[in-house]
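In: structure, please.
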Amino acid sequence: MKAHLSLSVVIVMTLAALTCFTGCANQTAQRLWPSESKLPPRLKRADSFLGIHYDFHAGPDCNQIGKNTTRSMIENIINQVHPDYIQIDCKGHRGLSSYPTKVGHPAPGFVGDPLRLWRQVTAEHGVALYMHYSGVLDSEAINRHPDWGAINTDGRINDTATSFFSPYADRLLIPQLRELAGDYGVDGAWIDGECWGSVPDYGPAALTAFRQATGITDVPHKRADAHWFEFLQFNREAFRRYLRYYITQVKRTHPDFQLCSNWAYTDHMAEPVNAPVDFLSGDYSADDSVNSARLSARYLARQGKPWDLMAWSFTRRTGRAGTKQKTAVQLQREAAVVLALGGGFQAYFKQKRDGSVYDERVPVMAEVAKFCRARQAICHRAQPVPQVALLLSTAAHYRKINGLFSRDLAQIRGVLQALLESQQCVEVLGEHHLAGRTSQYPLIIVPEWDYLEPVFRDDLIAYVRAGGNLLLIGPGAAAMFQAELDVTFEGQPKSETHYLAHRGSLAATEGPVQLVKLGPKAQAFGLIHTSNNIGSASQPSASVTSLGNGKIAAIYFSVGQGYAATRDQVTRQFLNELAHRLFPDPIVRVEGSSDVDVSLAVNHGKLLVHLVNTAGPHQTEPVVDTIPAVGPLTVTLRQSVRPSKITLEPVGKSLPFEFRNGLVRLTIPRLEIHDIIVLDSPAVASLSTLPVSADISQPSRGPEKNHPATQKLKI
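Out: Coordinates of the predicted model:
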């Protein structure tokens, strides 16, 4: 008995010693951890330019997270890429946390605490650390708390999307973000699975709030039902309140914790910023990435917040060489599309199931980082110079889509693509960007929207009468301005294939076509035929009408969806020549290739002309090994005085040029991926540039127990 007792005492003492050793080691590590004042400074996201993103959406199979996460692995990323920030996984859509959380739902197993190592190493190197955290989408939370899930129209619990009317934000989201900010000291979080993962909620609390907010008793279940739009608007407002609420609550205790809701206030959620997010961001499409980034970057540029876009470093489809990994040049071009609009850039690389990274893929990002850094001083935070405004209407978009914040932008994307491939300098703007500022834009284009708020429609008419130029594309857009166009619609739009005639060639149209009768003030522009025969019956394909001091024009067939699919030269030339008829004297004209995106910006008192090479099959090929160079390019710039110097960046080469009669002419012999023409000229100060859109966010000040989604919502 005594022997057994002695053995027990020894075992207890040994365990106690081991516990003390472990605890003392942790305490020693805490003591050795330098204070924040002794660490290198880290950039705020507002000042950051370049990052790298990792995630892996931990699941039940992840039982050794941290096993291969080492200091050398993290330092290898930092030393090769030199990022301003790194984003790593901490909770994916599955809802299992990839760090040993005390307040959330951890994955099955860990080896140590990898998040603490990530934080320690990044802090020692002055690199900010952000979390990839899935917000609205959380399957584990719903599995454990079924009452936290949104209810589908069939009465079943949605197994991925949480309800804005549940305790999810108060009991998991907010406490876990506070844990990350306080216990781990990370710099912020990139909240994924948010607006785009939200769904209409048919739960009892949601329906009660809907009836109280709107007075509508019969709840709609599909688009054809009465009040469907009102029901979607109610749920959109519920998301906004949820977003404002959790950000405000986290910042109440951790004011320096920087938060972004993925795709909020972008072309996914095209509206003014009305929540206290610190920055805007989104991961554009893994496939057809150039066209995806073209649209998103042009909308974000005027939203009034620091912003970046994230490339996927891989595709969903396998390339010809049997790989899904994108090449460095492919990612460099995608970055160029973003940098040319003044944004920051990051790229998404996968983590392994144990949370470690693929070391062999880091050199790809290192090459992309060098490309970006060479352009940072010139590009970052540059402001566009107003030329052509392409309307992404909040009012029309929310009436058109059948989800809360889904995308249905094929028409506007196709029109944008046709304009860019005609070397037009285009911004994508909403009503809130243009309100009170329409006069800054020589040409405004309404691309195939069939609804505008009456006040905004009146603003556009006033803009034309004051000397502006308005182009309406598609039957729906033209129908709202029949009187001003001086045309009469004959019958309803027909979805039969017609054939656009231009420069002696015919091109098939896709989508509705409207037959019209022109009045005496309207001038026909082009013809559209009923068959693929130049001698077949025809009618005007477009018209131009003088109105006050300006012009209003309309195209009576759909352009965008067909062009996005075919990149038809006839359609592109037709649209460009009509735009030129309305806006004949842009600041810059580039000739020599249709495969060049041109954007105009001002930064540091200098005029920037961005040239991005979009040649090659980027729309169809998932992996691009090479990008064919284009050139020579002839560039003509309108300037009131002779520039003192013109350089080509980032190489810093002085460009010879000719200046005569207010026009600068120069030649770019060859464009590889992205070059910037930089003009030093006193005329730059007179260029009409706009302030970015104001942030209208109004954080909630109510007590934490009063979850705003439960309050009465105004539609």
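In: low-confidence ranges in the protein?
Out: Low-confidence segments of the chain, defined by pLDDT under 70: 1-35, 686, 688-715.
In: and the top strand by length along the chain, which strands flank it?
Out: Counting residues, the longest strand found in the chain (DSSP state E) is strand 538-547. Using DSSP bridges, strand 538-547 pairs in its sheet with strand 522-529 (antiparallel), strand 550-555 (antiparallel).
In: would TSV of these with distance to Ala462 and mean neighbour count be doable?
Out: Bear in mind the C-beta positions are built from the backbone N, C-alpha and C, glycine included. Below are the strands paired with strand 538-547 laid out as TSV (distance: least, CB to CB, whole Å; neighbours: other CB atoms under 10 Å):
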stretch	distance to Ala462	mean neighbour count
strand 522-529	20	19
strand 550-555	10	26
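In: make a markdown table from those strands and add distance to Ser681 to it.
Out: Conversion of the strands paired with strand 538-547 to a markdown table gives the following (distance: least, CB to CB, whole Å):
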| stretch | distance to Ser681 |
| --- | --- |
| strand 522-529 | 35 |
| strand 550-555 | 29 |
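In: for Arg399, which of those is the nearest?
Out: Smallest distance to Arg399 across the strands paired with strand 538-547 (CB to CB): 20.6 Å, for strand 550-555.
In: is Phe489 in contact with Gln482, as I believe?
Out: Yes. Applying CB atoms under 8 Å, one finds Phe489 in contact with Gln482, separated by 6.4 Å.
In: tell me who's in contact with Ala615.
Out: For Ala615, the contact set (CB atoms under 8 Å, 6 or more residues apart in numbering) comprises Ser593, Asp595, Ile627, Pro628, Ala629, Val630.
In: tell me, how many residues neighbour the last one?
Out: Burial measure for Val630: 20 neighbouring residues, criterion other CB atoms under 10 Å.
In: burial measure for the closest residue to it other than its chain neighbours, as a count.
Out: Nearest residue to Val630 in three dimensions, chain neighbours excluded: Ser593, at 4.1 Å (CB to CB, 6 or more residues apart in numbering). Using other CB under 10 Å, Ser593 is surrounded by 18 other residues.
In: and the one 4 residues further on, by the same measure?
Out: Using other CB under 10 Å, Asp597 has 24 other residues around it.
In: show me the contacts for it.
Out: Shown in contact with Asp597 (CB under 8 Å, 6+ apart): Arg294, Val337, Ala340, Leu420, Gln423, His610, Leu611, Val612, Thr614.
In: check the gap between it and Val428 for me.
Out: Asp597 sits 13 Å away from Val428, taking CB to CB, to the nearest Å as the criterion.
In: work out for me the element the spatially most central residue of the chain sits within.
Out: Closest to where the C-alpha atoms of the chain average out (CA atoms, centre = their mean) is Ser296, at 4.0 Å. Using DSSP states H and E, Ser296 sits within helix 289-300.
In: tell me how far that helix lies from the chain's centre.
Out: The chain centroid and the centroid of helix 289-300 are separated by 7 Å under CA atoms, centre = their mean, to the nearest Å.
In: what lies in contact with that helix?
Out: By CB under 8 Å, 6+ apart, the list of residues contacting helix 289-300 from outside reads 266-267, 270, 280, 282, 284-285, 307, 309, 311-312, 333-334, 337-338, 340-341, 343, 390, 392, 409, 412-413, 416-417, 420, 426-430, 564, 597, 614, 618-619.
In: gap between stretch 181-197 and the chain center?
Out: Centroid displacement of stretch 181-197 relative to its chain, using CA atoms, centre = their mean, is 17 Å.
In: got phi/psi on the closest residue to Val516 other than its chain neighbours?
Out: Sequence neighbours aside, Val487 is the residue nearest to Val516 in space, at 4.7 Å (criterion: CB to CB, 6+ apart). Main-chain torsions, Val487, degrees, to the nearest 10: phi -130, psi 160.
In: residues contacting Val487?
Out: Ala478, Val516, Lys517, Leu518, Gly519, Ala522, Ser543, Ala554.
In: please pick the buried ones from the residues you listed.
Out: Using 16 or more other CB atoms under 10 Å as the burial test, the contacts of Val487 include Ala478, Val516, Leu518, Ala522, Ser543, Ala554 as buried.
In: ok, so of those residues, who is nearest Ile378?
Out: Nearest to Ile378 among those is Ala554, at 39.1 Å by CB to CB.
In: please spell out the ChimeraX selection for the buried subset of the contacts of helix 289-300.
Out: Here is the ChimeraX command that selects only those of the contacts of helix 289-300 that count as buried (16+ other CB under 10 Å):
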select :266,267,270,280,282,284,285,307,309,311,312,333,334,337,338,340,341,343,390,392,409,412,413,416,417,420,426,427,428,429,430,564,597,614,618
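In: in helices, which of the contacts of helix 289-300 fall?
Out: Mapping the contacts of helix 289-300 onto helices (DSSP state H) picks out Arg333, Glu334, Val337, Val338, Ile412, Arg413, Leu416, Gln417, Leu420, Ala564.
In: what's the farthest-apart pair in these?
Out: Within the ones in helices among the contacts of helix 289-300, Arg333 and Ile412 form the most distant pair, 22.1 Å apart (CB to CB).
In: residue boundaries of the strands in the stretch 201-350 of the chain?
Out: All strands of the stretch 201-350 of the chain, identified by DSSP state E, counting those that start in this stretch, fall at 258-261, 280-283, 307-312, 344-350.
In: picking up where we left off before, with distance to Tyr348 as extra columns, can I get the ones in helices among the contacts of helix 289-300 in CSV?
Out: As requested, the ones in helices among the contacts of helix 289-300 are arranged in CSV below (distance: CB to CB, whole Å):
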residue, distance to Tyr348
Arg333, 16
Glu334, 11
Val337, 16
Val338, 14
Ile412, 25
Arg413, 22
Leu416, 24
Gln417, 24
Leu420, 25
Ala564, 24
